[in-house]
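# 3D, please:
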Amino acid sequence: METNQVTLAAQLSEMGVRLADYEGKDIVSTSPVSGQVLATLRADSADQVKAKIDRAHAAFLQWRNVPAPRRGELVRLFGEELRTHKEALGKLVTLEAGKILQEGLGEVQEMIDICDFAVGLSRQLYGLTIASERPGHRMMEVWHPLGVVGVISAFNFPVAVWAWNAALAFVCGNSVTWKPSEKTPLTAVAVHALFQKALARFGSDAPAGLAELIIGDREAGSQMVNDKRVPLVSATGSTRMGRQVAQDCAIRLAKTILELGGNNAMIVAPSADLEMAVRAITFSAVGTAGQRCTTLRRLFVHDSVYDTVVPRLKKVYAGLPIGNPLQKTTLIGPLIDRAAFDGMQTALAAARAEQGQVFGGERVIVAGCEDGYYVQPALVEMPAQTNVMQHETFAPILYIVRYTDLQQAIALNNGVPQGLSSSIFTTDVREAETFMSDSGSDCGIANVNIGPSGAEIGGAFGGEKETGGGRESGSDAWKAYMRRSTNTINYSHSLPLAQSISFDI
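Just a heads-up that it's a prediction; the model follows:
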C-alpha cells in the first residue's frame, strides 16, 4: 500500500497536478489493485458547475474564430505532452482503474493516436459543392462549430474516451466540459493538468475555459446534460445512464453521442483457424478483466469444432496469470470494486439456474492485494441463448453455445438488444461476406478473423443498435461535433423567376 502511495505521488507530481487544489471529502478514489483509498476530492457545487459551463461557453465564442489548422496545433501540442508523460499517466490508469500496465499504456497511446488524427483533420473539414437547378447559382455546404461539448466518461476507459471526443471537438472549434466517472477522478485531474501544459505552450489564441473539468456525482453530470448551452452530450457508460441522458437531451432537442452496452459475440465457423480463434477469444473475453464495452461475452461455436475449441479454452483459462496489474507478468487485474464482483456472482447463479455449466468464476486472493476483487474468468457452457445472455454483465464471463448453421449463428449474434461489436472466424469467403452483408451482423462493428475487442482510431467507433448509432473517433465522426449550413450564391444578373415578380419597394 505504501508503494502505491509513493507511485501515485510521483505520477501526479510529474504531470503537474496540485492535488491540494482538489482535495475534499466528497469523491473517494479507491484503487481496485489493493482496495486502498488513493485520495478524497471535493465535488463541484451546482454554482461551480454553472460557472464552468459559463467559462466554456465564453471560450467557444472566441475559439470558433481561430482558424481550424491553428486549432489543430493545440491538439498537436497536447499529443506531445501525452508522449512525454505516457508512462506516468499509463501507470495512474493502472493504479486507479485496475488495468494491467500494458493496457494502461495502450489507453494513453489511443489518446496520442486520436491527437495525430485530429491534427490532420483540422485541414480537412470539407464541405460539398452542390449542383444548383437555377442558372447562375452555386450551392455549397459548410460546417460550423456547435458550442460546448459535454463529455461523460466511464471508469473502464478513464482517459481515452475524453480524448476521442475532445481532440475532434477542439479542432472543430468547440469547447469541452468533462464529467468523469466518480470511480476514476484522479486520472481526469491528471489529463486536465497535461492539457493545461499544452495550453501554456500554445499561447493567447486559446481562451481560458476551453477545457473545463467537473468533479462530482450523478447530479453534476445531470446539470451539465440539462444545460441549454451544451448542444452536444457525448456519454459513455451504462445503458441506464444513457437512456436518462437521451431523454434529458431530447426534451431540449440537443444532440447526443452514446456509447453504451456491448454484449458482443463471436462465431467460430467450421473452417476457422482454431489456434488463431482461441487466442482472439481469450484476449477479447478476459482483457481488462472483462470490463470493456467491446469485451467478448457470447461465443457461438459450430458443432463440428466445439469439442476441440472448448477444452482448449478451459486449458488456457486455467493457466491465466491473475494478479497485481502493476507487475509485468500479470495478464488479468482486478474488477473495479465489490459491486462488480457481486454482479458477476449474480449472473453466474442465474446461468446455473438456466442449466449452464460454469467453469471458473471464483474470487482469487492476491498476496498484498487482499482487499482487491480479483476473479478467475468464467466459461459458461449454455444449452441455448437464455435470458441471462440477454443482459450484459461487466465482468469476465464468456457464455458458449453450439450452433449448426450459419444463419442460426447470425440470428443468435443479432438476438440481443445490444450490438456494439461482433466477429466471425472463418476461412470461407462466402461466410465472411455473408456475415458483413445487409443480412449479416447488425452491430456497429463486424470483424473477420479478429476479435470484437478493440478499435482503431481511423474507423468511427460505435454505431450499436441500442443507442441509435453513436459514433466517435475516426471516419466522418467529426460531423457530429459540427452543424451543417447549406449556402446558395447567386452570381447571375437576375433573381430566379419566382423571386422576380414586380412589386413596390
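# Which residue lies closest in space to Tyr403, excluding its sequence neighbours?
Ala409 (4.3 Å; CB to CB, 6 or more residues apart in numbering). Just so you know, the C-beta spots here come from the backbone N, C-alpha and C atoms, and that holds for glycine as well.
# Checking my notes, the one you found in a strand, right?
No - judged by DSSP: H, G, I helix; E, B strand; the rest coil, Ala409 forms no part of a strand; its state is helix.
# what's the neighbour count on the nearest residue to Ile332 once chain neighbours are set aside?
Nearest non-adjacent residue to Ile332, counting by CB to CB, 6+ apart: Ile322, 4.6 Å away. Using other CB atoms under 10 Å, Ile322 is surrounded by 19 other residues.
# again, but for Glu182
19.
# Repeat that for the one 5 residues further on.
Thr187: 29 surrounding residues under other CB under 10 Å.
# oh, and call the first residue 188 from now on, that's how I've got it
Shifting the count to begin at 188 puts that one at Thr374.
# and the gap between it and Pro367?
Distance, Thr374 to Pro367, using CB to CB, to the nearest Å: 7 Å.
# Just the residues contacting stretch 281-288, thanks.
Contact partners of stretch 281-288, identified using CB atoms under 8 Å, 6 or more residues apart in numbering, comprise 191, 194-195, 198, 216, 218-220, 225, 277-278, 280, 290-291, 294, 342-343, 345, 370-371, 373-374, 475-476, 512-515, 517-523, 559.
# Out of those, list just those in strands.
Taking DSSP state E, the ones among these that sit in strands are 216, 225.
# Which members of the contacts of stretch 281-288 are classed as buried?
Buried subset of the contacts of stretch 281-288 (neighbour count, 16 or more other CB atoms under 10 Å): 191, 194-195, 198, 216, 218-220, 225, 277-278, 280, 290-291, 294, 342-343, 345, 370-371, 373-374, 475-476, 512-513, 517-523, 559.
# just checking, the residue nearest to Tyr590 touches Phe487?
Yes - between Ala596 and Phe487 there is a contact under CB atoms under 8 Å: 4.7 Å.
# who touches both of the two?
By CB under 8 Å, 6+ apart, Ala596 and Phe487 have these common neighbours: 454, 590.
# what ranges of the chain fall below the confidence cut-off?
Applying pLDDT under 70 to the chain flags the ranges 188-193, 642, 647, 649-657, 683-692.
# Just read off the phi/psi values of Leu213.
Careful, residue 213 is Asp and not Leu. phi -100, psi -50 (degrees, to the nearest 10).
# My understanding was that it contacts Thr227; is that so?
Yes - using CB under 8 Å, Asp213 and Thr227 qualify as a contacting pair, with a distance of 7.4 Å.
# so His331 is in which element?
strand 324-332 (DSSP states H and E).
# Which helix or strand lies directly C-terminal to that strand?
strand 335-339.
# Report all helices and strands that that next one contacts.
Counting contacts by 3 or more CB pairs under 8 Å, 6 or more residues apart in numbering; DSSP states H and E, strand 335-339 packs against helix 233-250, helix 347-359, strand 362-366, helix 405-412, strand 419-423.
# Identify the residue nearest the residue nearest the centre of the chain in space, chain neighbours excluded?
Centroid-nearest residue in the chain: Val348, 4.6 Å away (criterion: CA atoms, centre = their mean). Sequence neighbours aside, Ser340 is the residue nearest to Val348 in space, at 4.2 Å (criterion: CB to CB, 6+ apart).
# does the one you found really touch Pro367, like I thought?
Yes - contact criterion CB under 8 Å: Ser340 and Pro367 qualify, at 5.1 Å.
# The contacts of stretch 281-288 in helices, which ones?
Among the contacts of stretch 281-288, DSSP state H puts 191, 194-195, 198, 277-278, 280, 290-291, 294, 373-374 in helices.
# the helices in this protein, which residues?
Under DSSP H, the chain gives helices at 189-201, 233-250, 255-271, 273-284, 288-308, 347-359, 372-389, 405-412, 426-438, 461-473, 490-505, 525-540, 593-601, 616-623.
# Tell me which residues of the longest one come out buried.
Using 16+ other CB under 10 Å as the burial criterion, the residues of helix 288-308 that qualify are 288, 290-302, 304-306, 308.
# got the angle for it vs helix 372-389?
40 degrees (axes from the mean of the first three to the mean of the last three CA atoms, to 10 degrees).
# how much distance is there from helix 288-308 to the middle of the chain?
Its chain's average C-alpha position is 13 Å from that of helix 288-308, according to CA atoms, centre = their mean, to the nearest Å.
# between it and helix 255-271, how big is the angle?
Going by the same axes, to 10 degrees, helix 288-308 makes 160 degrees with helix 255-271.
# Output helix 288-308 as PDB, nothing but the C-alphas.
In PDB, the C-alpha atoms belonging to helix 288-308 read as follows (Å, rounded to 0.1, in the frame of the first residue of the first chain):
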ATOM      1  CA  LEU A 288       0.100  -1.800 -17.100                       C
ATOM      2  CA  GLN A 289       0.300  -2.600 -20.800                       C
ATOM      3  CA  GLU A 290      -3.400  -1.700 -21.200                       C
ATOM      4  CA  GLY A 291      -2.900   1.500 -19.200                       C
ATOM      5  CA  LEU A 292      -0.100   2.500 -21.500                       C
ATOM      6  CA  GLY A 293      -2.200   1.400 -24.500                       C
ATOM      7  CA  GLU A 294      -5.000   3.600 -23.500                       C
ATOM      8  CA  VAL A 295      -2.700   6.600 -23.400                       C
ATOM      9  CA  GLN A 296      -1.400   5.600 -26.900                       C
ATOM     10  CA  GLU A 297      -5.000   5.800 -28.100                       C
ATOM     11  CA  MET A 298      -5.100   9.400 -26.900                       C
ATOM     12  CA  ILE A 299      -1.900  10.100 -28.800                       C
ATOM     13  CA  ASP A 300      -3.300   8.500 -31.900                       C
ATOM     14  CA  ILE A 301      -6.500  10.500 -31.900                       C
ATOM     15  CA  CYS A 302      -4.500  13.700 -31.500                       C
ATOM     16  CA  ASP A 303      -2.500  12.800 -34.600                       C
ATOM     17  CA  PHE A 304      -5.700  12.000 -36.400                       C
ATOM     18  CA  ALA A 305      -7.300  15.300 -35.300                       C
ATOM     19  CA  VAL A 306      -4.300  17.400 -36.300                       C
ATOM     20  CA  GLY A 307      -4.700  16.100 -39.900                       C
ATOM     21  CA  LEU A 308      -8.400  16.600 -39.700                       C
END
